[in-house]
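Chemist: Here is my input; please provide its structure:
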Amino acid sequence: MAHMVTSQCSGGKYTDGVEVCPVSCSYELAGLLVIHPDECIDCTAGVTECPVEAIYAEGEVPAEFNEAIAFNATEAKRAKADGQEPLLKKKAHSLPPRNARRLWATERHFALAIWRGFG
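Modeler: Modelled structure (predicted):
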């Protein structure tokens, strides 16, 4: 039974679990990470390390995140088939939370409007 990342990670790409995983089974997508079900050894190491509690064993995924099971399998296999290498065992910088990115975009838009004389 493999582990998977749910949409709770969406927009964050936290790699805390990748850092402690004994195998390289995580792949990076545009807005989140996925775990390859055939490469995961079911060690549970990443579960406790994930800061947003987005990693679950396949049999323990809450009902609201059931779509994550198929999504992880499909997208991880696609990433590997496309030649993407799994993430290595080092922590990378995660993206800021969605609300922080929205605030930054709003502030940037406002600053540009003032600079252009529309504020």
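
Chemist: residues contacting the residue lying closest to residue 42 once chain neighbours are set aside?
Modeler: Among residues not flanking residue 42 along the chain, residue 1 sits closest, at 5.8 Å (CB to CB, 6 or more residues apart in numbering). Placement of C-beta: from N, CA and C, glycine included. When contacts are counted by CB atoms under 8 Å, 6 or more residues apart in numbering, residue 1 touches 42, 57, 58, 59.

Chemist: how about the third one, what does it touch?
Modeler: Residue 58 makes contact with 1, 2, 3, 4, 37, 69, according to CB under 8 Å, 6+ apart.

Chemist: let's see 10 Å
Modeler: Residue 58 sits next to 1, 2, 3, 4, 35, 37, 40, 42, 68, 69, 72, 73 when contact means CB atoms under 10 Å, 6 or more residues apart in numbering.

Chemist: What is the most widely separated pair among those residues?
Modeler: Between any two of the contacts of residue 58, the greatest separation by CB to CB is 16.0 Å, found for 42 and 68.

Chemist: Of the two, give the one with the bigger neighbour count.
Modeler: When residue 42 and residue 68 are compared for neighbours, residue 68 comes out ahead with 24 against 11, by other CB atoms under 10 Å.

Chemist: what about that one, which SS state?
Modeler: Under DSSP: H, G, I helix; E, B strand; the rest coil, residue 68 falls in the helix class.

Chemist: follow-up on the earlier one: spell out for me the PyMOL command that would select the buried members of the contacts of residue 58.
Modeler: To isolate the buried subset of the contacts of residue 58 in PyMOL, counting by 16 or more other CB atoms under 10 Å, use the following:
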select buried, resi 2+3+4+35+37+40+68+69+72+73
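
Chemist: Where do the strands of the chain begin and end?
Modeler: Here the chain has its strands, by DSSP state E, at 3-5, 26-28, 33-35, 55-57.

Chemist: Deepest-packed of those strands, please.
Modeler: strand 3-5 (a mean of 27; mean count of other CB atoms under 10 Å).

Chemist: Show me what counts as buried in stretch 71-85.
Modeler: Quick answer for stretch 71-85 (16+ other CB under 10 Å): 71, 72, 73, 75, 76, 77, 79, 80.

Chemist: Narrow these to those in helices?
Modeler: Here DSSP state H is the test, and the buried residues of stretch 71-85 give 71, 72, 73, 75, 76, 77, 79, 80 as lying in helices.
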